[in-house]
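1. Please find the sequence and the predicted model below.
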Protein chains: 2
Amino acid sequence: MKCLIIAAGKGHRLRSKGDSKPLVPLFGIPLIERVVRCAYEAGADDFFVVTGYQGESVRSFLGILADRLDIRITSIVNEDWEKENGLSVLKARNFLSEPFLLLMADHLFDPSIVRNLFEQPLAKDGMVLGVDTNMTNPLIDLKDVTRVRTEDGKIRNIGKNLEDYNGFDTGLFVCDPAIFDALERCAEATGDTSLSGAVQELADNGLANAIDINGQFWVDVDDPNAFQRAENALLCNMRGKVSDGPVARFLNRPLSIWVSRRLVNYSITPNQISLVSFLFSMLAAGLLALGGYFSLFMGGVLAQFASVIDGCDGEVARLKFQASEYGKWLDAVLDRYADAFLLFGLTWHAYGDRTEGLVLFVGFMAIIGSFLLSYTADKYDYLMSRQIRQGKGLRMGRDIRVFIIFLGAVLHIPFWTLLVIAVMMNLETIRRIIVCRNNE
Amino acid sequence: MKCLIIAAGKGHRLRSKGDSKPLVPLFGIPLIERVVRCAYEAGADDFFVVTGYQGESVRSFLGILADRLDIRITSIVNEDWEKENGLSVLKARNFLSEPFLLLMADHLFDPSIVRNLFEQPLAKDGMVLGVDTNMTNPLIDLKDVTRVRTEDGKIRNIGKNLEDYNGFDTGLFVCDPAIFDALERCAEATGDTSLSGAVQELADNGLANAIDINGQFWVDVDDPNAFQRAENALLCNMRGKVSDGPVARFLNRPLSIWVSRRLVNYSITPNQISLVSFLFSMLAAGLLALGGYFSLFMGGVLAQFASVIDGCDGEVARLKFQASEYGKWLDAVLDRYADAFLLFGLTWHAYGDRTEGLVLFVGFMAIIGSFLLSYTADKYDYLMSRQIRQGKGLRMGRDIRVFIIFLGAVLHIPFWTLLVIAVMMNLETIRRIIVCRNNE
């Protein structure tokens, strides 16, 4: 699908962040790149961007971006960028002869909203607008947002000063090219050259539909406050990862998000973060293996710290659009090595305290149980994702394992720690085998 | 797609195996069930079976089979089963008003042939026959097979006594219902009520197409010799498993096939075989752990024996249509436990000989390397399967690992065995990480 992005305005309220608003970086990625990437992820593949203020730098950036992502981006110039945004839309008239996605360069959004927009039936000569019906959405600046009144999925009224409204304009549209005629008619009839004017024109003819975005993320990055809110919202999005266990959710994730927020400003890649976390774990394993309480204590703390850092690779990858299948896989493989070395270090320490074969056997069982838990995770998680999660309970995973190592080291009970891990991990593996069998 | 199966004849040449030919069990599964299951696997889902000789037992079995597989099977009675097979086809006339798959109850085949047949364009009023152009196919009984002369994908002549032929009739057809008219016309004109007669009629009108089965497996189970050939061919099919490493291919697989051939006659399930193999491995691990050369030797031999038996679960599953996703997964999980216990047993033995920390460390590295090799196998195999295998080399896997344990135990060098496994498995894991990275 073709996608038109309006990136012509000056955005003077955000000038503290950079002179050209579409190029203002959020977590290191310019706003316009975020919009293009999210639309691409949702299925758009042919882009048209209307540029105006600081147009040359924007167009030169878009050229680089098109090369980098290997997609087509056509830049369109709007000299009248100081006037209403409807004129920017009109500039694209000759490029778009079939329904297209219409986005704003400063409106960030969850790709699922756009995917949903694509799926809506589009009336002949009509349009569909994504509408946020969450009247208390904290990401919205009530002074600036465009308000919408909808009835039965139809837009009745749209405008900034509407008093009777039940939703907000997200700036995410799918339009028939008839929008261009509506813009012209509206300008001729009332002198209004805003996009909202044309939408009102279509609404008056029953041609403007609304779909509820169902609480999905979107934000208009209009001023430094909104910028801050957008950053926080993107960071918050990291918290909902389904496969996070309880320790990840309540301890590691808040800390790793705090770290990731700083890391995104450097050019360190997610895979490099995975490697750094792995090296910390290896160092921790070495400390655990040494005799004496002090190194045991330090090893435990460092292991837990590495576990926190281990969350950052995925977060930075998602914040900077650097996620890759290989990266996820490499992270998992390094985690398996790290787990095994930590447990071997702990076994070595415990065997130094008590030179008994039992210690070696329990350490071995802890290692094998931990590995099997990871080995069975894919199938088990897949099975669980297909079922209604009826009080699904805790997900036993790496976060719990490392946290137990941390606790055991700090409390100076290496053997009992190994025993707990050996019993827990193997029992959970056996439970999974039974669950999978019953769901065959 | 609808599927018509002719199962009316007496098949007196196979009477030594059972009174009703369709019900003769091959590796415990009646011929008719094999045909139904293979057609179902290929995409047929509505079955019509023409019964005749011993019709009541066949029909009663089909009722049970339909329940068991949860598919629809309609039985049709042909009282004239002693006459030519074309009459059996005609009995199904009222049930089939669109193109259908036509099979013989005693012709076994690889489902891919039928999948290929489905994909052929079917001329109006025409038919397509799977033709075997391998003139030296050892599974064919030249005295009995129906011969075909094809030109440019068209059948010119068909018959048992053809002297000028370039292919064999596999008995696998896709037919337009026009075949029924052809059968009647042929019977009226020449008194020939055979299916081949009708095919010749269509061929004369240029309506009978042939497709080459490209050397895929099929066999007409007509007499005890053919029965034996069919058994051998099905067993041989087990050898081609792509993920088999060199030890599996040249040592384990021939032995496990020999065992599986015997096991199929018992009601032991594939999962039970997996469990038995696992228990043998655990016993072997215990023997390895004991001191002294004799138990080390016995442990090594038993480990290799368990590795052979480990191939039987999959073979029996495929021979008896009992393969399941869960079964494959359970087998893999049990293999991981077995591997770890074998290596731990060997480490224990080596540590008993030389009480040095180095032995423990090398044993640990052997265990973790083996795990990681299995952990990375899925992604690596997937990657390899997409590439042209340019001299792909050996696949490092469990077969090699257990064989090295066996050799090391027999040669009485437990520590060096662990060292070799530790180095090989970890280096191969690192190589895979690099290969996956380069193919990102």
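-> Yes, it's here.
2. can you tell me how far A:Leu251 sits from A:Leu319?
-> 20 Å (CB to CB, to the nearest Å). No exception for glycine: its C-beta is placed from N, CA and C like everyone else's.
3. of the two, who's got more company?
-> Neighbours were counted for A:Leu251 and for A:Leu319 using other CB atoms under 10 Å in any protein chain shown; A:Leu319 has more, 26 against 15.
4. quick one, what contacts the more buried one?
-> Contacts for A:Leu319 were tallied using CB atoms under 8 Å, 6 or more residues apart in numbering or on different chains; they are A:27, A:29, A:234-235, A:238, A:260, A:264.
5. now, which of these lie within helices?
-> A:234-235, A:260 (DSSP state H).
6. Now narrow those to whatever sits close to chain B.
-> Residues of the ones in helices among the contacts of A:Leu319 in contact with chain B (CB under 8 Å from any CB of the partner chain): none.
7. Show the buried residues in those.
-> Neighbour-count burial (16 or more other CB atoms under 10 Å in any protein chain shown) applied to the ones in helices among the contacts of A:Leu319 gives A:234-235, A:260.
8. Could you give the number of residues near A:Thr136?
-> 5.
9. actually A:Asn252, not the one I wrote
-> 24.
10. What distance do you get for it to A:Val308?
-> Counting by CB to CB, the separation of A:Asn252 from A:Val308 is 5 Å.
11. for A:Asp339, same thing?
-> For A:Asp339, the distance to A:Val308 (CB to CB) stands at 15 Å.
12. These two: which is more packed in?
-> Under the criterion of other CB under 10 Å, the comparison of A:Asp339 against A:Val308 puts A:Asp339 first, with 27 against 23.
13. is it fair to say A:Val128 lies in a helix?
-> No. Judged by DSSP: H, G, I helix; E, B strand; the rest coil, A:Val128 forms no part of a helix; its state is strand.
14. what's near enough to touch it?
-> If you count contacts by CB under 8 Å, 6+ apart, A:Val128 has them with A:117, A:120, A:122, A:173-174, A:208-211.
15. So which of these are in strands?
-> Cross-referencing the contacts of A:Val128 against strands under DSSP state E gives A:173-174, A:208-211.
16. so what's the backbone phi/psi at the nearest residue to A:Phe109 once chain neighbours are set aside?
-> Nearest residue to A:Phe109 in three dimensions, chain neighbours excluded: A:Trp218, at 4.1 Å (CB to CB, 6 or more residues apart in numbering or on different chains). Dihedral pair for A:Trp218: phi -150, psi 160, per degrees, to the nearest 10.
17. Could you check how far A:Trp218 is from B:Val402?
-> Counting by CB to CB - A:Trp218 and B:Val402 are separated by 56 Å.
18. who's more crowded, these two?
-> Using other CB under 10 Å as the criterion, A:Trp218 and B:Val402 rank with B:Val402 on top: 28 against 23.
19. what helix or strand does the more buried one sit in?
-> Using DSSP states H and E, B:Val402 falls within helix B:398-410.
20. tell me which residues of that helix are tucked away?
-> In terms of neighbour count (16+ other CB under 10 Å), helix B:398-410 has its buried residues at B:398-406, B:408-410.
21. ditto for stretch A:94-111
-> The neighbour-count check on stretch A:94-111 (16+ other CB under 10 Å) flags A:96, A:99-111 as buried.
22. Just the CA coordinates for that stretch, please, in CSV.
-> Extracted as CSV, the C-alpha positions of stretch A:94-111 are listed here (Å, rounded to 0.1, in the frame of the first residue of the first chain):
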residue,chain,number,x,y,z
ASN,A,94,-0.6,13.5,-8.9
PHE,A,95,1.2,10.6,-7.1
LEU,A,96,-1.9,8.9,-5.6
SER,A,97,-4.7,7.4,-7.7
GLU,A,98,-5.8,4.7,-5.4
PRO,A,99,-6.6,4.5,-1.6
PHE,A,100,-3.5,5.3,0.5
LEU,A,101,-2.4,5.6,4.1
LEU,A,102,-2.1,9.1,5.4
LEU,A,103,0.2,9.8,8.4
MET,A,104,1.8,12.8,10.1
ALA,A,105,5.6,12.9,10.6
ASP,A,106,5.3,13.8,14.2
HIS,A,107,2.6,11.2,15.2
LEU,A,108,4.1,8.0,16.6
PHE,A,109,2.0,4.9,16.8
ASP,A,110,1.8,1.2,17.3
PRO,A,111,1.9,-0.6,13.9
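23. got the residue ranges for the helices in the stretch 51-200 of chain A?
-> A:55-69, A:85-90, A:111-119, A:178-190, A:195-204 (DSSP state H, counting those that start in this stretch).
24. Go through the ones you listed and name the closest to B:Ala289.
-> helix A:111-119 (54.7 Å; CB to CB).
25. Counting neighbours, what do you get for the closest residue to A:Arg318 other than its chain neighbours?
-> Using CB to CB, 6+ apart and skipping the chain neighbours, the partner closest in space to A:Arg318 is A:Met238 (6.7 Å). Neighbouring residues of A:Met238 were enumerated by other CB under 10 Å; the total is 21.
26. So A:Met238 sits against A:Ala317, correct?
-> No. Counting by CB atoms under 8 Å, A:Met238 does not reach A:Ala317; the two are 10.5 Å apart.
27. just to revisit the earlier point, okay, the residue nearest to A:Arg318: pLDDT?
-> For A:Met238, the pLDDT comes out at 80.
28. now do A:Arg389
-> pLDDT at A:Arg389 comes out at 52.
29. same check, this time on A:Lys392
-> 54.
30. what's the single longest helix in chain A?
-> Max-length helix for chain A by DSSP H is helix A:325-353.
31. And the next helix or strand past the helix holding B:Val402?
-> Defined by DSSP H and E, the subsequent element after helix B:398-410 is helix B:414-438.
32. what sits up against that following helix?
-> A:326, A:329-330, A:333, B:288, B:296, B:343, B:346-347, B:349-350, B:353-354, B:359, B:362-363, B:365-366, B:368-370, B:372-373, B:376, B:379-380, B:383, B:396, B:400-401, B:404-405, B:407-409.
33. So which bits of chain A are right by chain B?
-> Going by CB under 8 Å from any CB, the residues of chain A near chain B are A:324-326, A:329-330, A:332-333, A:336-337, A:340-341, A:344, A:348, A:351, A:357, A:360-361, A:364, A:367-368, A:371-372, A:374-376, A:379, A:429, A:433, A:436-437, A:440.
34. Apply 6 Å and report the result again.
-> Residues of chain A that fall close to chain B, judged by CB under 6 Å from any CB of the partner chain: A:326, A:329, A:336, A:340, A:344, A:364, A:368, A:371, A:375, A:379, A:436, A:440.
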